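Novice: prediction below, plus the sequence it came from.
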Amino acid sequence: MTARHQDLFQMASPDGCGRCTGECGDSIEVLLHLRGDLIDRAAFRCDGCLSTAVAATAVTDLVRGVGLHDALLLTAMAVIDHIGNLGEEHEHCAVIAVNALHSAVTDALRNRAEPWKQLYRT
C-alpha cells in the first residue's frame, strides 16, 4: 500500500469527496482536506489500470495549495501535459481523474454552504 493510499484511508472527515467511473470501468475517488479556501491535502483511491493511477496522482499533486474555485479550472489536457506522455489510448484516464476532482470540489463547496449535511455522510 503506497503512502498516498494510506493517506486516503487516514483522512478523517474529508471536506469534500468525489468519485467518477469511466466507460472503461476504471474508477477514481478523490478526498480533499481544506485549510481555509485552499486544498491542503488531496488523496485518491483508484480501481483501474496504471494510467488511471498516474492520472489520479497528477491531479492530487496539481491541486495541493490551490483554491477550490481554481481547482475547478483544472482540465484533462493540463493533467496530460503534466504527466508528459500518457498515450492517446489512455487520455480518458485524465478525464476520469479530473471529473472525480471536480465532484470532490463541488462536494466541498456544498458542505461549506450546508455544513450539517456532512454529518450524514456514509
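Specialist: Good, I have the coordinates.

Novice: export the helix ranked longest in the chain to CSV, keeping only CA atoms.
Specialist: Secondary structure of the chain per DSSP state H: the longest helix is helix 91-113. Provided in CSV are the C-alpha atoms of helix 91-113 (Å, rounded to 0.1, in the frame of the first residue of the first chain):
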residue,chain,number,x,y,z
GLU,A,91,-6.1,10.0,-22.2
HIS,A,92,-9.6,9.1,-20.9
CYS,A,93,-7.9,8.4,-17.6
ALA,A,94,-7.1,12.1,-17.2
VAL,A,95,-10.8,12.8,-17.8
ILE,A,96,-11.9,10.4,-15.1
ALA,A,97,-9.4,11.9,-12.6
VAL,A,98,-10.4,15.5,-13.4
ASN,A,99,-14.1,14.6,-13.1
ALA,A,100,-13.5,12.9,-9.7
LEU,A,101,-11.7,16.0,-8.6
HIS,A,102,-14.5,18.3,-9.8
SER,A,103,-17.0,16.2,-7.9
ALA,A,104,-14.9,16.4,-4.7
VAL,A,105,-14.6,20.2,-5.1
THR,A,106,-18.3,20.6,-5.7
ASP,A,107,-19.0,18.4,-2.6
ALA,A,108,-16.6,20.6,-0.5
LEU,A,109,-18.4,23.8,-1.7
ARG,A,110,-21.8,22.2,-0.9
ASN,A,111,-20.6,21.2,2.5
ARG,A,112,-19.4,24.8,3.2
ALA,A,113,-22.9,26.1,2.2
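
Novice: in that helix, what's buried?
Specialist: Across helix 91-113, burial judged by 16 or more other C-beta atoms under 10 Å covers 91-105, 107-108, 111. Just so you know, the C-beta spots here come from the backbone N, C-alpha and C atoms, and that holds for glycine as well.

Novice: how about stretch 66-73?
Specialist: Quick answer for stretch 66-73 (16+ other C-beta under 10 Å): 66, 68, 71.

Novice: would you work out how far apart the start and end of that stretch are?
Specialist: Stretch 66-73 has an end-to-end distance of 11 Å (criterion: C-alpha to C-alpha, to the nearest Å).
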